[in-house]
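Participant: below is the sequence, then the predicted model.
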Amino acid sequence: MPSRVSDAIKPHKHVLDFTSLQELPESHAWSSLDSPSSNNPPTAADSSVSESVPVIDLDNPNAQELVGRACKTWGAFQVMNHGIETSLLDRIESTGKSLFSLPTHQKLKAARAADGVSGYGVARISSFFSKLMWSEGFTILGSPLEHARQLWPHDYNHFCGIIEEYEKEMQKLAGRLMGLMLGSLGIAQEDVDWAGPNKEGAAAIQLNSYPACPDPDRAMGLAAHTDSTLLTILYQNNTSGLQVLRDASGWVTVPPVPGALVVNIGDLLHILSNGSYPSVLHRAVVNRTQQRLSVAYLYGPPSNVQISPLSKLLDPTHPPLYRPVTWTEYLGAKAKHFNEALSSVQLCIPRTGLVNQNNVENRVEII
Ligand SMILES: C=C1C[C@]23C[C@H]1CC[C@H]2[C@@]12CCC[C@@](C)(C(=O)O1)[C@H]2[C@@H]3C(=O)O
Ligand SMILES: O=C(O)CCC(=O)C(=O)O
Ligand SMILES: [Fe+2]
């Protein structure tokens with residue numbers, strides 16, 4: 001119970017000063033009962049998992065085929081030789097660390113507004129769960145200038161410069177990855193009018209910090225979700241925590257590989273590919289000794305473009321499985337339906353109908 005009425009009405013009462021805690025508070029103690037069932041598939045004992053998310057060298061002449069295969073089977077992969085300089089990754093990591101190590105009262109000056117997207121706070125998906133997550137985040141959509149001024153009144157340009165450079169480089173990589181992913185489906189990027197080489201998608205950056213946790217087995221860093229993006233490019237520091245759900249094996253850890261970036265398929269690419277590239281459920285777990293930092297580049301189409309299954313992928317035996325949606329509209333569906341957002345834009349399939357091309361039966365209900 002909040003001790004003062006003013007605490008109860010503060011929008012950011014959930015933000016904790018993690019560093020001062022010796023024990024996991026009840027508010028952050030997850031049990032299998034209060035986590036949604038999608039969070040609890042049979043967990044694979046680490047030793048029994050022989051497969052792991054593919055690591056693809058983008059300089060490999062077969063990169064396109066390898067990317068296509070990884071998108072169909074895993075919904076995630078790691079990339080090497082991606083063209084992003086190590087020094088930029090080091091700089092984004094250290095600026096992220098310095099942000100999260102500011103005093104709580106300072107970080108709260110850049111708090112995300114109740115109806116806003118950008119700023120500092122708990123995970124946006126927190127409202128769908130009765131327990132809180134062991135993490136804090138900072139979201140950037142558009143210019144970070146105003147929030148950076150609140151955080152570092154004397155030195156905001158440093159942060160803004162790094163973010164700007166990171167966005168520019170990631171935009172290029174995201175375009176290149178889209179080209180490989182579409183190419184592997186037999187579609188030229190130029191044939192998708194908003195995705196051509198000189199077109200710019202929209203994007204957000206999410207900095208995540210997962211402090212060391214006194215009771216990691218009962219805590220959740222970031223609960224299982226899919227991203228509402230076309231694709232997400234994730235930089236993780238040298239501490240593992242990211243897991244993706246693989247139907248047969250349960251949760252599979254995506255280990256940090258020095259110099260690699262993780263790519264995962266989001267719901268809009270799932271729609272665009274008519275289910276050929278299923279979006280992947282993923283989550284972040286925490287550990288007892290080390291702070292973990294990750295930076296997600298959430299890449300989507302220009303916000304008002306309608307995304308629907310590509311017509312080249314459709315024929316009478318492969319009808320469209322989803323209705324057209326804009327990114328803005330889909331983010332609204334996610335905020336309302338969370339992990340059921342994709343089914344909320346699904347079209348009805350006749351009883352005799354066809355299932356998703358990759359047989360992801362649990363996602364396509366025949367009604
Ligand atoms: C452009 C986006 C995509 C958002 C919302 C908005 C800004 C922040 C993104 C994330 C980042 C963390 C997971 C997620 C699920 C969340 O809660 O915030 C993402 C969400 C989505 O992919 O739906
Ligand atoms: O921190 C991670 O490994 C995952 C972060 C993530 O899924 C996100 O920001 O969308
Ligand atoms: Fe994510």
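Facilitator: Yep, it's here. Residues are numbered from 1 along each chain as shown. Ligands and ions are numbered 1, 2, ... in the order given.
Participant: top helix in this protein by residue count?
Facilitator: Longest helix of the chain, by residue count under DSSP state H: helix 156-184.
Participant: what's the very next helix or strand once past it packed up against?
Facilitator: On the C-terminal side of helix 156-184, the closest following helix or strand by DSSP states H and E is strand 202-210. Contact analysis of strand 202-210 by 3 or more Cβ pairs under 8 Å, 6 or more residues apart in numbering; DSSP states H and E lists helix 86-100, strand 136-140, helix 156-184, strand 292-300 as its packing neighbours. Every C-beta, even on glycine, is put in place using the N, C-alpha and C of the backbone.
Participant: sorry, back to before: report all helices and strands that the longest helix of the chain contacts.
Facilitator: Helices and strands touching helix 156-184, as assessed by 3+ Cβ pairs under 8 Å, 6+ apart, comprise helix 63-73, helix 86-100, helix 145-151, strand 202-210, strand 231-236, strand 292-300.
Participant: buried set for the first one?
Facilitator: Within helix 63-73, the residues scored as buried using 16 or more other Cβ atoms under 10 Å are 63-64, 66-68, 70-73.
Participant: one more: the third one?
Facilitator: Within helix 145-151, the residues that count as buried by 16+ other Cβ under 10 Å are 147-151.
Participant: pick the most deeply packed of the helices and strands packed on strand 202-210.
Facilitator: Most buried of the helices and strands packed on strand 202-210, by mean neighbour count (mean count of other Cβ atoms under 10 Å): strand 292-300, with a mean of 24.
Participant: can you list the residues of the stretch 251-367 of the chain near ligand 2?
Facilitator: If contact is defined as Cβ under 6 Å from any ligand atom, the residues of the stretch 251-367 of the chain in contact with ligand 2 are 282, 284, 294, 296.
Participant: surely the last one is in contact with L234?
Facilitator: Yes - the pair A296 / L234 is scored as a contact, 5.0 Å apart, by Cβ atoms under 8 Å.
Participant: residue ranges with poor pLDDT in the stretch 51-200 of the chain?
Facilitator: Low-confidence regions of the stretch 51-200 of the chain, defined here as pLDDT under 70, do not occur.
Participant: output the helices and strands packed on helix 156-184 as CSV; include the columns distance to A113.
Facilitator: Output for those, formatted as CSV (distance: least, Cβ to Cβ, whole Å):
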stretch, distance to A113
helix 63-73, 36
helix 86-100, 18
helix 145-151, 11
strand 202-210, 15
strand 231-236, 24
strand 292-300, 19
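Participant: quick one: which of the ones you listed is nearest P25?
Facilitator: With Cβ to Cβ, the closest approach to P25 among the helices and strands packed on helix 156-184 belongs to strand 202-210: 16.0 Å.
Participant: what's the average pLDDT for the closest one?
Facilitator: Per-residue confidence for strand 202-210 averages out to 97 on the pLDDT scale.
Participant: give me the residues contacting that strand.
Facilitator: With Cβ atoms under 8 Å, 6 or more residues apart in numbering as the contact definition, strand 202-210 has outside contacts at 96-97, 99-100, 117, 134-141, 163, 166-167, 170-171, 174, 221-222, 241, 284, 286, 291-303, 327.
Participant: from the contact counts, what lies against the helix or strand just after it?
Facilitator: Note on strand 202-210: by DSSP H and E, the next helix or strand toward the C-terminus is strand 222-225. Strand 222-225 is packed against strand 282-284, with contacts defined by 3+ Cβ pairs under 8 Å, 6+ apart.
Participant: and the protein, which residues reach ligand 1?
Facilitator: With the criterion set to Cβ under 6 Å from any ligand atom, the chain comes near ligand 1 through 117, 123-125, 139, 141, 204, 206, 225, 227-229, 296, 298, 331, 334.
Participant: could you redo the last one with a cut-off of 8 Å?
Facilitator: Taking Cβ under 8 Å from any ligand atom as the test, the list of the chain residues beside ligand 1 reads 117, 123-125, 137, 139, 141, 202-204, 206, 208, 222, 225-229, 232, 266-267, 296, 298, 300, 327, 331, 334, 341.
Participant: which PyMOL command selects the buried ones in the residues you listed?
Facilitator: In PyMOL, selecting the buried portion of the residues of the chain next to ligand 1, with burial taken from 16+ other Cβ under 10 Å, looks like this:
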select buried, resi 123+124+125+137+139+202+203+204+206+208+222+225+226+227+228+229+232+266+267+296+298+300+327+331+334+341
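Participant: per-residue pLDDT, the spatially most central residue of the chain?
Facilitator: With distances taken as Cα atoms, centre = their mean, D227 lies nearest the centre of the chain, 4.5 Å away. pLDDT for D227: 98.
Participant: tell me how far the nearest residue to it once chain neighbours are set aside lies from S279.
Facilitator: Nearest in space to D227, with sequence neighbours left out and distances taken as Cβ to Cβ, 6 or more residues apart in numbering, is G266 at 4.0 Å. With the distance defined as Cβ to Cβ, to the nearest Å, G266 ends up 5 Å from S279.
Participant: single out the residue in the stretch 51-200 of the chain that lies closest to ligand 2.
Facilitator: Among all residues of the stretch 51-200 of the chain, G137 sits closest to ligand 2, at 7.2 Å; criterion: Cβ to the nearest ligand atom.
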